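> Task: produce atomic coordinates for the following.
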Amino acid sequence: MSNYYAQAVSRQEMRQLAYFIRKHFGYLDVWMIPVDRLLDQMCEIFEDFSYEIVPDEEWDDPSAHAVTDINAHTIKIKESIFIRACDGKGRDRMTIAHEIAHYILICVVGVNLYSCRDKKIEPYNDPEWQAKCLAGELLIPYYKLKKRRRKPSADQLTSLCGVSPDAAKYQLKFVKGGDQSDCQK
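Predicted coordinates for the structure are as follows:
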């Protein structure tokens, strides 16, 4: 989506949306969301939504592991990525959560996209930053972190939430220092 910019959305708004998604789908009390089950639930709730697991040998985009087609209301996931996500591999779980975030932001919430060329895009207007932010907030629940008297380490968070060490460290930056954000709108 590099040729687009989006309606502005802040980390705080993403955090609230992640809480709502977790609540709506019944994941408020758990640390680790089963992304495969979430995809199935989305098929049940959003009548136009579907996802497709594409065999690796048929995957035609070497630069992507999964893609969201907002016009077709479909997420396509490379088979090896889906299998590793189901096996709990953090990076692959985040890949799927990222595509879920694109779908929810654009097709469900209705964040507007605009075509652009040669324009500097602020993070809060970047559809890729928005999907990354929502995916991180969805897989690593801020409200559960804030409730704990002692914050977990990145290693503990990796295990609790089923995310990569890098994702855990990145999200912890926005909890340990208060509500600081990597972008403001």
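
> any idea how far F46 is from the closest residue to D48 other than its chain neighbours?
The shortest distance from D48 to any residue other than its chain neighbours is 4.1 Å, reached at H73 (Cβ to Cβ, 6 or more residues apart in numbering). Backbone N, C-alpha and C define where each C-beta goes, glycine included. H73 sits 7 Å away from F46, going by Cβ to Cβ, to the nearest Å.

> Just grab the bridge partners of Y51 for me.
I75 (DSSP bridges).

> Run through the protein and note the low-pLDDT ranges.
Within the chain, the ranges that satisfy pLDDT under 70 run 1-2, 118, 176-185.

> burial of R93, as a residue count?
Other residues near R93 come to 27 when the count uses other Cβ atoms under 10 Å.

> How about it, nearest residue that isn't a chain neighbour?
Closest to R93 by Cβ to Cβ, 6+ apart is A85, at 4.7 Å.

> tell me which strands and helices the helix or strand hosting that neighbour is in contact with?
Taking DSSP states H and E as the definition, A85 sits inside helix 79-86. Applying 3 or more Cβ pairs under 8 Å, 6 or more residues apart in numbering; DSSP states H and E, we find helix 79-86 packed against helix 35-45, strand 50-54, helix 90-103.

> Give me the neighbour count for the residue nearest to D48.
18.

> Just want the most central residue of this protein.
A135 (1.9 Å; Cα atoms, centre = their mean).

> Let me see the contact set for the spatially closest residue to that one that is not a sequence neighbour.
Of all residues not flanking A135 in the chain, A97 sits nearest, at 3.8 Å (Cβ to Cβ, 6+ apart). A97 makes contacts with I33, V35, A135, L138, L139, as judged by Cβ atoms under 8 Å, 6 or more residues apart in numbering.

> how about the helices in the protein?
11-25, 35-45, 79-86, 90-103, 127-139, 142-147, 154-161, 165-176 (DSSP state H).
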